[in-house]
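# no sequence on hand, only this structure:
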């Protein structure tokens, strides 16, 4: 299966909406889901706990490099988490839709 889920987080819904909308418009993702989460992490010697918005970009393995480079150039964080998870299985019709949305651009 060539579909992947690319995940990152941002500070708020305005940042999430901007990245999600532009990624879909540019054919880097077929769909982007956003959900509020609470993250706890160490940053510059301090433990931080704060709300974030997690973005899940639905795309293909062939579009990952372009999506990662695009996110790095636009991400508001100094060190954004950007990683991809393989999609083990997906319905054939849905997988075709994702491929057409991102590879047909």
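Everything's here; your move. Here the structure is a predicted model, which is why all the values come from computation and not from measurement. Numbers count the residues shown, from 1 in each chain.
# what does the helix or strand bottoming out on mean pLDDT in the chain contact?
One helix or strand of the chain scores below all others by mean pLDDT, DSSP states H and E: helix 92-103, with a mean of 94. If you take C-beta atoms under 8 Å, 6 or more residues apart in numbering as the criterion, helix 92-103 is touched by 1-3, 24, 27-31, 58-60, 62-63, 90. Any C-beta I mention is one placed from the backbone N, CA and C, and that applies to glycine too.
# so which bits of that helix are buried?
95, 98, 99, 101, 102 (16 or more other C-beta atoms under 10 Å).
# tell me how far the second one lies from residue 31.
To tie it back to what came earlier, the one meant is residue 98. 8 Å (C-beta to C-beta, to the nearest Å).
# give the residues shared as contacts by the two.
Shared contacts of residue 98 and residue 31, defined by C-beta under 8 Å, 6+ apart, are found at residue 58.
# where is the longest strand in the protein?
strand 46-60 (DSSP state E).
# immediately after that strand, which helix or strand?
The helix or strand immediately downstream of strand 46-60 is helix 64-74, counting by DSSP states H and E.
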